[in-house]
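Asks: Quick one: sequence plus predicted model below, questions after.
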Amino acid sequence: LLNDLVCHNELVPTNTVWHVVHDVAAGLKHINECGLVHLDVKPANLLISEKGTIKIGDFGMAAKIASIEDGLEGDQRYMAPELLNNSERLPSADIFSLGLTLFELCYTEEQLLRGDINLPREGLRWHVLRNGEAGPLVNRPEELNSIVKKMMAPVPSDRPDANTVLSVVEVSRTGDDIDD
């Protein structure tokens, strides 16, 4: 599980983070092409294969794109803010959840324990993480900071889609490395 990487004592290497971005964005692209949104993207639902490929699991919350279903929200810690309003279930919600997953992955357990970063289920910090005030990633390149910030945009239409994420230079390079 990717959850094991989140519970670490050392900074996850930036190359590993780019690998996660690539594999999960590619998985979301495929899911969206099938007319679905996952609605529960989080470290515990991202599996690492024997070859090191990240696979998306647990489709128990999945729904058709643009459906409006009350109660399908997934884990509140990773949930996009628009899902509280019973809005249409769109791929942008999964992109938001991926952004929060990456935000969390970019910190060490020590930083988490100190309270430098906290993914709460509710309250003020929950809203701060959803209104564009999360702050920059520590010790990470600007390109990674930029894509994560865009993924976590408060307005769904401001978030990149999976294809756009895959076109980011570092992400596409990661995909080239995997394909070789």
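Replies: Sure thing, it's come through. Treat the numbers as computed from the prediction; the structure is a model and nothing was measured.
Asks: And the strands in this structure?
Replies: 36-37, 46-48, 54-56, 63-64 (DSSP state E).
Asks: Quick check, central residue of the chain?
Replies: In the chain, the centroid-proximal residue (CA atoms, centre = their mean) is Leu98; its distance is 0.8 Å.
Asks: coming back round to it: which one of the strands of the chain lies nearest to Ser157?
Replies: strand 36-37 (15.2 Å; CB to CB). Placement of C-beta: from N, CA and C, glycine included.
Asks: Sheet partners, orientation included, of the closest one?
Replies: strand 63-64 (antiparallel) (DSSP bridges).
Asks: how much distance is there from the strand it pairs with to the middle of the chain?
Replies: Counting by CA atoms, centre = their mean, to the nearest Å, strand 63-64 is centred 18 Å from the centre of its parent chain.
Asks: Now the strands of the chain in TSV, please, with extra columns for mean neighbour count.
Replies: Formatted as TSV, the strands of the chain follow (neighbours: other CB atoms under 10 Å):
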stretch	mean neighbour count
strand 36-37	22
strand 46-48	18
strand 54-56	18
strand 63-64	16
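Asks: what would these look like in CSV with distance to Ser146 and mean pLDDT?
Replies: Output for the strands of the chain, formatted as CSV (distance: least, CB to CB, whole Å; pLDDT from 0 to 100):
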stretch, distance to Ser146, mean pLDDT
strand 36-37, 24, 96
strand 46-48, 22, 94
strand 54-56, 21, 96
strand 63-64, 29, 93
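Asks: Look up the closest residue to Gly60, ignoring the ones flanking it.
Replies: Nearest non-adjacent residue to Gly60, counting by CB to CB, 6 or more residues apart in numbering: Asp40, 7.1 Å away.
Asks: what's the spacing between the nearest residue to Lys150 once chain neighbours are set aside and Asn139?
Replies: Spatial nearest neighbour of Lys150, excluding adjacent residues (CB to CB, 6+ apart): Pro160 at 5.4 Å. Note on Pro160: its distance to Asn139, by CB to CB, to the nearest Å, is 23 Å.
Asks: Those two: who's more crowded?
Replies: Pro160 (18 against 10; other CB atoms under 10 Å).
Asks: wait, what's in contact with that one?
Replies: Ile95, Ile147, Lys150, Met151 (CB atoms under 8 Å, 6 or more residues apart in numbering).
Asks: and the nearest residue to His127 once chain neighbours are set aside, how far is that from Ser167?
Replies: Closest residue to His127 apart from its sequence neighbours, by CB to CB, 6+ apart: Pro81 at 8.0 Å. Look at Pro81 and Ser167: by CB to CB, they are 25 Å apart.
Asks: My understanding was that Asn139 contacts Pro13; is that so?
Replies: No - if you go by CB atoms under 8 Å, Asn139 and Pro13 don't touch, sitting 10.9 Å apart.
Asks: Done for today, thanks.
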